[in-house]
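Colleague: When you get a sec, could you give me coordinates for this:
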Amino acid sequence: MDNLPDFYIQKAKIELNETETRKKQSLEQFNEWLSKHPFVKKHEIDPSIIVRLFRSRKYNMDKVYENINKCIIFQKNHQELFNFNITKLLEIYDKGVILPMKIRNADGQRIIIVRNKIFDDLKSSNYDIMRMVFTVGDTISYEQETQICGVVVVMDLREISVRYIANMDVNFFANCIRYIESAGARLKQINIIGLPSIANTFLEILKTMLSQKLISRMHFFKNVQDLTKVMDVKNLPVEYGGSEDADDCLKCYREKYKESASKYAKFIESLEIDEKRMRNYEAKEMFKGVGSFRKLEID
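Modeller: As a prediction, this is how the structure comes out:
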């Protein structure tokens, strides 16, 4: 597995049912399936993205196919959301709104800090927020270690304004979360700090649209001190009482982020879809109850 340490190789075997033979066979099976796809006419899919999807669904190929179709349909139904301006994305990235920590936790998981107060200060739109989440998430998802072990997200909601909460579209965010899961993210924990009481209604509605497994991975903390009772302090930025310098983390990932965001945009542009066939497929799947708005089961 590309010279991965034994810790990750064994974890992939035990938790994801992965072997080199299975990976090879799955890639062959996938390519055959894609060649007969009902509505994709042309594509340029990086093999590393395909393996990421295999791992996210533990090599259950039916789920892999279902998730790929969901992603493509979501992308085509929300094309304006994927109209990436790389320069603008980099400007927002440099503000430190989303911090990928350099040090993994004991389980090999990558830690992501989302500082919503900065989004608020920038008066970011819902689209700006999700574009950042998509592209930063895509950057770390190229890491084999992250594909195998997953991600721990820390959502810092302290000091966000009423305006910020009022502008949140619950349906939009629920659909984006489903897309993120379908695209191969293994969300192992979502730790939320300082949820304002005014946001409780938003959260309760959001929960009705998510799977019970994902909801069970959401944990709430009044402040950073409470968070450090369940997370190793070394995995947090200095401003949270940890040992990692936020600026160093941003610099460490900046070039990877720029490359990944560009690659993400090119992938979206490379897809050629038969729109009529896609709409027919979407209608059939929605009728069967397995369409874009079903609650996703995650691993």
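
Colleague: Going by C-alpha atoms from here, please, whenever you check contacts or count neighbours.
Modeller: Fine.

Colleague: What's the mean pLDDT across the helix or strand residue 129 falls within?
Modeller: Mapping residue 129 onto the secondary structure by DSSP states H and E places it in helix 126-141. Confidence over helix 126-141, taken as the mean pLDDT, stands at 91.

Colleague: for that helix, which positions count as buried?
Modeller: For helix 126-141, burial by neighbour count (16 or more other Cα atoms under 10 Å) applies to 126, 128-141.

Colleague: next one: stretch 100-108
Modeller: Within stretch 100-108, the residues scored as buried using 16+ other Cα under 10 Å are 100-105, 108.

Colleague: before we move on, what about stretch 5-24?
Modeller: For stretch 5-24, the buried set under the neighbour-count rule, 16+ other Cα under 10 Å, comprises 8-12, 16, 18, 23.

Colleague: re the thing from before, closest to residue 146 out of the buried residues of stretch 100-108?
Modeller: Taking Cα to Cα as the measure, residue 146 lies nearest residue 108 of these, at 7.4 Å.

Colleague: Off-centre distance for the helix holding residue 129?
Modeller: In terms of Cα atoms, centre = their mean, to the nearest Å, the centre of helix 126-141 is found 7 Å from the chain centre.

Colleague: Could you do stretch 86-96 as well?
Modeller: Relative to its chain's centre, stretch 86-96 lies at 18 Å (Cα atoms, centre = their mean).

Colleague: ok, now stretch 119-136?
Modeller: Relative to its chain's centre, stretch 119-136 lies at 14 Å (Cα atoms, centre = their mean).

Colleague: Pull the residues that contact that stretch.
Modeller: Under the contact criterion Cα atoms under 8 Å, 6 or more residues apart in numbering, stretch 119-136 has outside partners 81-82, 84, 89, 92-93, 97-98, 160-161, 164, 167-169, 176, 180, 257, 260-261, 264.

Colleague: again, only using 6 Å
Modeller: When contacts are taken as Cα atoms under 6 Å, 6 or more residues apart in numbering, the neighbours of stretch 119-136 outside the stretch itself are 164, 261.

Colleague: repeat for stretch 260-278
Modeller: Contacts of stretch 260-278 from elsewhere in the structure, counted by Cα under 6 Å, 6+ apart, are 39-44, 135, 139.

Colleague: run the last query once more with 7 Å
Modeller: Residues external to stretch 260-278 that are found in contact with it (Cα atoms under 7 Å, 6 or more residues apart in numbering): 38-45, 84, 86, 135, 138-139.

Colleague: How many residues are close by the nearest residue to residue 17 once chain neighbours are set aside?
Modeller: Of all residues not flanking residue 17 in the chain, residue 58 sits nearest, at 6.4 Å (Cα to Cα, 6 or more residues apart in numbering). The burial count assigned to residue 58 is 19, neighbours taken as other Cα atoms under 10 Å.
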